[in-house]
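Chemist: have a look at this prediction, sequence included:
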Amino acid sequence: MGLRLTGDGTSDGTGDAPRHSKKEKHPSLSPELTPTFDKTIIQDPEGLDMVYLNNWFSFFKLIRLDASPRSLKLSPSYGPPLANPVRGTFEFSCEDLKKLRQKILCQLEKAPKEEPDQTNPIRLSTFVLSYSYALVSIVKTKGLERHRKVKFGFTADCRARLYPPVPANYFGNCVGVYSNDSEAEVIMEENGLAFVAHRLTRLIKNLEKGALEGAKEKLEGFMAVTPGSVEWIGVAGSPRFKVMRRILDGGGQRRWDYIHR
C-alpha cells in the first residue's frame, strides 16, 4: 500500500458536498459520504500489516532516521535531490491521442513478440497513451545512460479491489503503488513507446487479480533498491477519487494541482 491523502472526493465527502452548498447554509453529509474510520473492515489474513511495519522501520534505519514508531520527523528525499527542477503543464488534444494510438499500434505490429501476452489485443486508454508518451519524453530529455534502470508506475485506488471490497467512504491507507522497470536504452528505442504502453497495460490488467497480488514480493524488491541507483518516474492520483467532480461542481475552481516531494 502507499500513501493515503485527503485529496479524495469520496472518502472525505467533498466530492458531492459542493452541489448542496448553495441550497443549504450548513449542509449535512449523507451516510454514504460520511467518512468511516473503522479499520476492522480491512481483511488481512496474510499478516501484511506487520510485514509492512517491520520493513518501514528498517527503511527508517537505512536512511538514518529515528526509527521510533511515534517519530514525527520528516523523512529525507530517497536519493539525491533534483537539480534545477522544472514544472510544466502539457495538454493532449483528441487528435494527439488518436495519432499516439495509431503510432503505438503500428509499433506493436512490427515489434518482435518476445513475451507470450504480446499477441493479445491491447487496450490503449487515454491514461496509457499520455503516460507512455510523457515517460519516453522524460527519459530522452534526461539523457540517461543506456543501462540506467528506470522504474515507472502509478498509484491505484484499492478500496473496490480488496476482498471483501472496502466502502468508498473508507478513510485510511488504501492506495497501492504498481510499477515496472527497464533499462533506459529500451525505452529510448524506436519501439520504446509501444514497449512502455504494453507494460503499463499489463500492470493495469493485473489489478483484476486483486490489489494485494504479490504485495510481499513487491515490498522486498523496493527495500532492496539502493538509494540513487534507479531513476523513478511515476504518476499519482486516480479518477476514482472524483476530485474533478468537486472542481466542476464548485463553480469557481477550474484547476487542481498536487505538489509532492
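Modeler: Nice, I can see it. Keep in mind that what you see is a predicted model, and the values were worked out from it rather than measured. Numbering: from 1, shown residues only.
Chemist: could you look up the SS state of Gly234?
Modeler: strand (DSSP: H, G, I helix; E, B strand; the rest coil).
Chemist: backbone dihedrals for the nearest residue to it once chain neighbours are set aside, both of them.
Modeler: Closest residue in space to Gly234, ignoring its immediate chain neighbours: Gly153 at 5.1 Å, by C-beta to C-beta, 6 or more residues apart in numbering. (C-beta placed from N, C-alpha, C; glycine too.) Main-chain torsions, Gly153, degrees, to the nearest 10: phi -180, psi -160.
Chemist: in the stretch 51-200 of the chain, which spans are strands?
Modeler: With DSSP state E, counting those that start in this stretch as the criterion, the stretch 51-200 of the chain has strands at 149-157, 175-183.
Chemist: alpha carbons of the last one, in PDB - could you do that?
Modeler: The one in question is strand 175-183. This file holds the C-alpha atoms of strand 175-183, laid out as PDB (Å, rounded to 0.1, in the frame of the first residue of the first chain):
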ATOM      1  CA  VAL A 175      -3.800   3.300  -2.200                       C
ATOM      2  CA  GLY A 176      -1.400   0.900  -3.800                       C
ATOM      3  CA  VAL A 177       1.700   1.600  -6.000                       C
ATOM      4  CA  TYR A 178       2.200  -0.600  -9.000                       C
ATOM      5  CA  SER A 179       5.400  -0.400 -11.100                       C
ATOM      6  CA  ASN A 180       7.700  -2.000 -13.600                       C
ATOM      7  CA  ASP A 181      11.200  -1.300 -14.600                       C
ATOM      8  CA  SER A 182      13.500  -1.400 -17.600                       C
ATOM      9  CA  GLU A 183      16.800  -0.100 -18.900                       C
END
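Chemist: tell me the angle that strand makes with strand 149-157.
Modeler: For strand 175-183 against strand 149-157, the angle by axes from the mean of the first three to the mean of the last three C-alpha atoms, to 10 degrees is 160 degrees.
Chemist: among the strands of the stretch 51-200 of the chain, show me which one is buried the most.
Modeler: Mean neighbour counts were taken over the strands of the stretch 51-200 of the chain using mean count of other C-beta atoms under 10 Å, and the top value, a mean of 20, falls to strand 149-157.
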